[in-house]
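Peer 1: take this sequence and fold it.
(chains A and B)
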Protein chains: 2
Amino acid sequence: MTDSTTTVSEVAARAAAAARPFAATSPADRGAALVAVADALDAHAGELITIAMRETGLTEARLTGELKRTSWQLRLFADTIVDGAYLDARIDDADAAYVIGPRPDVRRVLEPVGPVLNFAASNFPFAFSVAGGDSAAALAAGCPVVVKAHSGHPELSRRTAAIVAEALEGAGMPAGVFQLIEGQQNGVALLQDERIRAGAFTGSTHVGRMLADIAAARQRPIPFYGELGSVNPVYATYADAELLQGFVASVAGSAGQLCTKPGFLFVPDDADLSAVAPAAGGVAEHRLLNPGIGRAFEGRRSAVLGAEGATVLAEGEIREDESGQRHATPTVVAVGLDTLRAHREELLEESFGPLSVIVRYADAEELPAVHEELFPGNLTSTVHARADELADGSLDALVDALAATSGRVLFGGWPTGVAVTPAMQHGGPYPATTTDATSVGTAGIGRFLRGVAYQNAPQELLPAPLRDDNPWHVPQTRSAAGRSTEWGAFAR
Amino acid sequence: MTDSTTTVSEVAARAAAAARPFAATSPADRGAALVAVADALDAHAGELITIAMRETGLTEARLTGELKRTSWQLRLFADTIVDGAYLDARIDDADAAYVIGPRPDVRRVLEPVGPVLNFAASNFPFAFSVAGGDSAAALAAGCPVVVKAHSGHPELSRRTAAIVAEALEGAGMPAGVFQLIEGQQNGVALLQDERIRAGAFTGSTHVGRMLADIAAARQRPIPFYGELGSVNPVYATYADAELLQGFVASVAGSAGQLCTKPGFLFVPDDADLSAVAPAAGGVAEHRLLNPGIGRAFEGRRSAVLGAEGATVLAEGEIREDESGQRHATPTVVAVGLDTLRAHREELLEESFGPLSVIVRYADAEELPAVHEELFPGNLTSTVHARADELADGSLDALVDALAATSGRVLFGGWPTGVAVTPAMQHGGPYPATTTDATSVGTAGIGRFLRGVAYQNAPQELLPAPLRDDNPWHVPQTRSAAGRSTEWGAFAR
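Peer 2: Below you'll find the predicted structure:
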C-alpha cells in the first residue's frame, strides 16, 4: 500500500477510478509513459541493483542484465501498442444485401479489461516483479495495475513501485494507475474484490493453483493468468562432454531458480556421463533466494538423493549460514526409466534450485509416449540431435509430442534464457500456466483486453480506433458492403 | 454417442486420436470441409426444418432463417481461415546484436488446443447447437469436436450430427473429428476427461456456472467458454408509439427465448406507455421450447406479476396443452426505480420467455450509476436517443458505463438479431459469458487456439506457416535482425 493506513478496499477504489481515464489515453501517450518508466528504472539502476543483491542473493551481473531486460520490455510494449494494430479494429459496413439478412454497421475493438492484480515472483526481482512483464503488458493494454509485492524483496519492491508511479504520473497518466500492496492476506482480499478484473501470477504450482481457484470461485469469476510449474525436459540422442557441460551450466545458472531450468535430461543408456561431475564441481556456491526456498530445496534434494535406484553423479552441497540463508552447489543424479516411473513422487516434482535428473533410455522410439505420460504440460521442451537425425524424420513423432505439451520447443541450446521478443511463447498446458497464455513477449498483451462491439454508433460516440477519420491512424479491417456475395465460395 | 454401446472414454479416445492429423490439415482443406458441411446442411434443409419444428415449436420462417445462418457461418469461418492470417505467424530472426543479448531464431504460431466439448443450446436448434457457432469455430481452428446434444431436440441433433460427420469424412477429414453424445451425466464425465482441452456452452447461468466450476476444478483445469445470462437493458430518452411497438416485437420474437431479448426498457417517468398493450395484444400465442422452459417461465412470470408496485401493462397469457407444452403471449410490466431496487429478487433475474420490465426514471443523470449498480455484465446494452442528445455529450457517461459492462453497445434498434460478421462481439462481463470471449462472429476462433514457439528449429521440422518457403502463403510478421536498435525510442 502507499502507506500503512491504506486499506485494500481503498486500493481497489483508486484502481477502479483510474480505469476509464487510463483506458481513454492514446497508445502514443501510453507508450511514452512506458518509455518514461523504462528511463526512470535505468536512471536508478545502481541504487536498485544494490538493494536487489542484498535481498535476493543474486549476482550483480545477473541483476544488471535483468534490469536491462525489464526496461527493454517496457520499451518493447511501447513499440507494440504505438501503431494500434493490437486493437484489432474491425469495421463491418452496414449491408442491406448481406446474405443472411440486412446487417447494421458493427465495429469492434479490443478494450482494457480493467484493474489487474499482479502477484510478483521471487526469482526475478525486476523482470517478473513490480515493473515486470505482467505489469508492462497490463499497462500497455490500458489497465490500472496493483502489484502484490513478493515478501522476498520488500525494500526493492517499494523503491521500484515509487519510481514507476512517479514516472507514470510525470508522463501525465491518471493517479491510481499503479499501486503496490504487501502481504498474502491483502493479496487474497484484493483478488476477491469485484473491482479487480484479472489476475496474473508467477510462482509455485501450489500457491498459483490456490489463487486460480479463488479467482474462479468469485461470485463473478475473473481470468487468472498463472505461470506455475515446469520441469522442461530435454531429449538428447547423444551426450558428449560439451553437451553435458552446457546442461550443467543451464542447471546451475541463478542457482537453478529459473522456471525454465532443465529438470530432466534424457540420454541413451550407453552415454558416457563422466563429464557431469567435473562440470558440477566447478560451479561456485550460490545463495538461494530466501530461507523458505532454501528449506524447500533442501527437502527436494534429500528426496531425490534418497530415491532407490538413483545414481549420484554430483552430490553437491547445501549449507545454512548464520542468517538462515542456504547456499548450494549443483546436484545431479542419473536414473533409468523404470526408476523414474517407480519413484514419481520423489523424482518427478519440480525441484526449484540447482538440481537435475538425467534419465537413461534404451529405445528412442519410446520417447514420445514417455514424454506424454510423464510431462503433460511444460513451458519448454528441448531436442538435442544431429542434423541427419533431424532431417530423416525419425524425430517427427517426438517433436509432435513436445509441441502438443509445451509452449516452446527448442532445437539445441538450453531453455534457460527467454528472449523478450514478439514471437516468444512463455506459457503452455497446465501446470506450466493456468491458461496457455504467454507471460513473456508482446503477445501477452492479449490477456488484458476484451472485445467490445458498437452497433450503428454515431461517429462522435465511437472510440477513436473505430472512427472513420481514424485519429490514431490505427489499422482498421473493413468488411465492405456487398462482399458477402463473394465469400464462402472459395472451395467450390 | 455414435451408438448406445460407445462409452464416454471411447469418445474421448477417438477425439484425441483425431487431434494431431486434424491439426495438420491445411486451412484450405479444412475450409473446404466446412463448406462441404454447409452444403450438406443446405441440401437437407427440408428434412431438418421439419424435425426442428416438431421438437422445438419454433416457426418454419424462423428455422429457415436460422439454418441459413448456420450454413453461412460455416462458410464465413472457411473464409476466415483460408488466408492463414488467424494463425498470427511471427518470425523473429536470430540477432546477435539484440539489445538485451544475442537472441535465437524464434517462431510462433497459433495451434489448435485439442479436443473441444460443446454443450448445445435449447433455443437455437441449428445456430447454437450441433453444427452451430462453437462447432464451426472449433473445427475451423483444427480441433476435434464432441457435441453434447440438448435434450430438447434429440432427433434433430442425431440427424444433424450424422450429416456433419459424413460431410467431414467425405471431405477427407480424419475419422473422429466430430462426435455427438447425449445425457447430462455423459457431458459432465467427458468435461472431466483429461483428453478434452476446452469446453463451450450456451444456456442458463445456473447450469453454465456448474459446468464452468467443474472445468476449473479438474486436476488440469481447462478454459470453459460459457454464454450464460443477460438481460440486455435498453435506455430511452423518449418513448413514442413506434419505439414501444419495436420493443414489444423484440420481446415477443421467438417467444422471448433469445439471449439478447431486452429484459428492461428505461423510459422517462412521464412517458406515455399506452402503445404497449395493443402491441402486446396483437402478438399470437407461441409455444415455449420445452416443458422445463415453460415451467420456469411460468414461475418467473408469476414472480414479476406479483412484485408489489409493478403496474401490469400487458398481462399476457400462459396455458399448458395436453402434451405438457406451454404456450404464451407477451407480459409487460412497468415499475419505478425504487420498486426495481426493492424487489431485485423478483424483478432482476433473467426471464427466459416473452416478458419484459419497463422502468420509469426521473433523472437521466442517474442512469450511468443505476446501470453499473444493477447490470454489471451483459451481452448487450442499447441507447435510444435523438440525434441532438447523442451529439451534445450528455450521454457520454452512460455510453462509457454501457461499454464497460457489455459486449455490444447499440445505438437505436434492438439487441435481438445478432449479425454473424467479423466485427460481432457476443460475449461480455460475467454473467453474460464466463470469459468475455465472443461466441458469435469470426473472432470466436481465438478461443480454441494457443501459441507455440519453435526455437532454432530446422526448416523441415517447422509447422508449414512458419517455414521460410511458406507453403500455405500465410501472412508472416517478421522481426528482422538489427531492428531492435530502432525500437523503443519513438517517444523520446
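Peer 1: which residues does the most centrally placed residue in chain A contact?
Peer 2: Centroid check for chain A by C-alpha atoms, centre = their mean gives residue A:439 as the closest residue, at 3.2 Å. By C-beta atoms under 8 Å, 6 or more residues apart in numbering or on different chains, the contact list for residue A:439 reads A:128, A:133, A:134, A:137, A:200, A:202, A:225, A:227, A:426, A:427, A:433. Heads up, the C-betas are built off the backbone N, CA and C, glycines and all.
Peer 1: make CSV out of the residues you listed and add neighbour count.
Peer 2: Listed next are those as CSV, based on neighbours: other C-beta atoms under 10 Å in any protein chain shown:
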residue, neighbour count
A:128, 28
A:133, 32
A:134, 30
A:137, 31
A:200, 30
A:202, 28
A:225, 28
A:227, 29
A:426, 29
A:427, 30
A:433, 28
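Peer 1: could you list which of the residues you listed belong to strands?
Peer 2: A:200, A:202, A:225, A:227 (DSSP state E).
Peer 1: and the two most separated of these?
Peer 2: A:202 and A:225 (9.3 Å; C-beta to C-beta).
Peer 1: residue A:167 should be in a helix, yeah?
Peer 2: Yes - under DSSP: H, G, I helix; E, B strand; the rest coil, residue A:167 sits within a helix.
Peer 1: now it: how far from residue A:19?
Peer 2: 20 Å (C-beta to C-beta, to the nearest Å).
Peer 1: tabulate the ones in strands among the contacts of residue A:439 (JSON lines), appending distance to chain B and pLDDT.
Peer 2: JSON lines is the format used below for these (distance: C-beta to the nearest C-beta, whole Å; pLDDT from 0 to 100):
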{"residue": "A:200", "distance to chain B": "15", "pLDDT": "98"}
{"residue": "A:202", "distance to chain B": "17", "pLDDT": "97"}
{"residue": "A:225", "distance to chain B": "12", "pLDDT": "98"}
{"residue": "A:227", "distance to chain B": "14", "pLDDT": "97"}
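Peer 1: now the residues you listed in CSV, with distance to residue B:68?
Peer 2: Shown next, in CSV, are these (distance: C-beta to C-beta, whole Å):
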residue, distance to residue B:68
A:200, 43
A:202, 48
A:225, 39
A:227, 45
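Peer 1: nearest to residue A:45 among these?
Peer 2: For the ones in strands among the contacts of residue A:439, the closest approach to residue A:45 (C-beta to C-beta) belongs to residue A:202, at 22.3 Å.
Peer 1: surely residue A:314 touches residue A:275?
Peer 2: No - using C-beta atoms under 8 Å, residue A:314 is not in contact with residue A:275; the gap is 10.6 Å.
Peer 1: who has more neighbours out of these two?
Peer 2: Taking other C-beta atoms under 10 Å in any protein chain shown, residue A:314 and residue A:275 do not tie; residue A:314 has more neighbours (23 against 18).
Peer 1: what's the closest non-adjacent residue to the more buried one?
Peer 2: Nearest residue to residue A:314 in three dimensions, chain neighbours excluded: residue A:280, at 3.4 Å (C-beta to C-beta, 6 or more residues apart in numbering or on different chains).
Peer 1: alright, I will stop here.
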